[in-house]
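In: could you look at this predicted model? Sequence included:
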Amino acid sequence: MKLIILDRDGVLNEDSDAFIKTTDEWIPLPGSAEAVGRLTQAGYTIAIATNQSGVARGYFSLETLQAMHDKMAALAAEHGGKFAHIAFCPHGPDDDCDCRKPLPGLIQQIEQALGVSAKGSWMVGDSIRDLEAGVAAGCQPVLVRTGKGAKSEAKLADAHLSKALVFDDLAGFADYLLNNQQ
């Protein structure tokens, strides 16, 4: 299985420091749904690993989060894309859980749900914590400059992530991967 794990906010949709709290606020980044479609059609399995502390903070409910994910899946499906699993951490930063990135718990949930190892797969995110979670699970880190990615890029070396591949957006990563398949 060729697995790609994506962060959500800042990779697939616009991010906000005020949190994405409604389906109307969930706005896809240009080319992201198409990129998921192209990767799915090329035989990649796409999973999501996303911190969603807005649930613990009371900003939105699990039902609203599911509605956002339904919207995301429908947009990807319009382009032939599919998410094999969506793992999310509903906890707050001080909840002492094992799933909040930079810990690899969400990736371990994906491994269990899909019955595969994430070692050697791709972890695409816009923050250092996304990439750290991926590296902890044996993934190859990829930073996109969308969302918080442009700010995170300057911190890659300090976080010992200087070998991470960097792309302008998810579509750029998809182009790279599809043009360099073995």
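Out: Okay, I see it.

In: and residue 74, which of the three is it?
Out: Following DSSP: H, G, I helix; E, B strand; the rest coil, residue 74 is assigned to helix.

In: what number of residues are in the vicinity of it?
Out: 10 (other C-beta atoms under 10 Å). Just so you know, the C-beta spots here come from the backbone N, C-alpha and C atoms, and that holds for glycine as well.

In: roughly how far does it sit from residue 20?
Out: 16 Å (C-beta to C-beta, to the nearest Å).

In: could you list every residue that touches residue 103?
Out: Neighbouring residues of residue 103 by C-beta atoms under 8 Å, 6 or more residues apart in numbering: 97, 133, 136.

In: burial of residue 83, as a residue count?
Out: 19.

In: how near is it to residue 36?
Out: Per C-beta to C-beta, residue 83 is found 8 Å from residue 36.

In: again with residue 3
Out: Residue 3 is 13 Å from residue 36, by C-beta to C-beta.

In: more neighbours: which of those two?
Out: residue 36 (30 against 23).

In: pretty sure the more buried one contacts residue 46?
Out: Yes: here residue 36 reaches residue 46: they are 5.7 Å apart, a contact under C-beta atoms under 8 Å.

In: what sits in contact with each of the two?
Out: 6, 76, 81, 82, 83.

In: distance check, the last one against residue 99.
Out: Distance of residue 83 to residue 99, given as C-beta to C-beta: 18 Å.

In: residue 68 now?
Out: 18 Å.

In: these two: which is more packed in?
Out: residue 68 (23 against 20).

In: which regions of this structure sit below the pLDDT cut-off?
Out: Low-confidence segments of the chain (pLDDT under 70): 182.

In: what bridges to residue 48?
Out: The partner list for residue 48 in beta bridges (DSSP bridges) reads residue 6, residue 86.

In: roughly how far apart are it and residue 81?
Out: With the distance defined as C-beta to C-beta, residue 48 ends up 12 Å from residue 81.

In: cool, and residue 149?
Out: For residue 149, the distance to residue 81 - C-beta to C-beta - is 21 Å.

In: ok, now residue 108?
Out: Distance from residue 108 to residue 81, by C-beta to C-beta: 24 Å.

In: in terms of neighbours, single out the busier of these two.
Out: Counted by other C-beta under 10 Å, residue 108 and residue 81 do not tie: residue 81 has more neighbours, with 22 against 18.

In: hmm, residue 44 and that one touching each other?
Out: No: Residue 81 lies out of contact with residue 44 (C-beta under 8 Å); the separation is 9.8 Å.

In: just the strands in the chain please.
Out: 2-6, 44-51, 83-89, 122-125, 140-144, 165-167 (DSSP state E).
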